[in-house]
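Here's my sequence, what's the structure:
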Amino acid sequence: MTEAVRETIRLDKWLWQARFFKTRSLAAGIVSASKVRVNGTPVSKPARAVGAGDVLTFPKDERIRVVRILGCGTRRGPAPEAQGLYDDMSDPAPAKQAANPKYDGGGRPTGRDRRRADAVRRQNDPSALE
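So this is what the prediction gives:
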């Protein structure tokens, strides 16, 4: 009876190799905080073995990422190589909104604008008719 040996890798190392986290210690910190689920089960040990077919759920960049592992990888290579290690099943990222409103050319009123505003106020003010 020969049983197929499944290739596995540490969870924190895989998250780092797949370029979800900049350092392996950041990946280990997320796992240790029990913020990662493997096949729906919360995990708190960075050394948890994962392999092809496992589904990971974890928070990243203000959204929840759901990925299926396709391969273990051998190194932390370039981004296209890292993207080949998983299938992203999470919802697409929402479009970013501008943090600052667009400059409309307004600003501090000029002297001419102030005189016009004062004239309108004088016309509409009943106490100014005395």
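
The chain: strands as residue ranges?
8-10, 36-38, 41-43, 49-51, 55-60, 63-69, 86-88 (DSSP state E).

so where's this protein shaky on pLDDT?
1-3, 98-105, 128-130 (pLDDT under 70).

Now mean neighbour count too, for the strands of the chain, in TSV please.
Glycine gets a C-beta too; all of them are placed from N, C-alpha and C. Listed next are the strands of the chain as TSV, based on neighbours: other C-beta atoms under 10 Å:
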stretch	mean neighbour count
strand 8-10	18
strand 36-38	19
strand 41-43	13
strand 49-51	17
strand 55-60	17
strand 63-69	16
strand 86-88	15
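
How many residues are close by the closest residue to R65 other than its chain neighbours?
Counting by C-beta to C-beta, 6 or more residues apart in numbering, S90 is the residue found nearest to R65 once chain neighbours are left out, at 4.9 Å. The burial count assigned to S90 is 13, neighbours taken as other C-beta atoms under 10 Å.

let's have the chain start at 369 instead
In the new count, where the first residue is 369, that last one comes out as S458.

And S458, how close does it get to D422?
To D422, S458 is 15 Å away according to C-beta to C-beta, to the nearest Å.

Please report the distance of the closest residue to P477 other than its chain neighbours from C440.
Leaving aside its chain neighbours, P477 sits nearest to A485 (7.3 Å; criterion: C-beta to C-beta, 6+ apart). Distance of A485 to C440, computed by C-beta to C-beta: 70 Å.

Compare those two (neighbour count), which wins?
Neighbours were counted for A485 and for C440 using other C-beta under 10 Å; C440 has more, 19 against 11.

what sits against the residue nearest to R433?
R431, I432, R433, V434, V435 (C-beta atoms under 8 Å, 6 or more residues apart in numbering).

residues in contact with the residue sitting nearest the centre point of the chain?
For the chain, the residue sitting closest to the mean C-alpha position, by C-alpha atoms, centre = their mean, is D429 at 2.0 Å. Neighbouring residues of D429 by C-beta under 8 Å, 6+ apart: A461.
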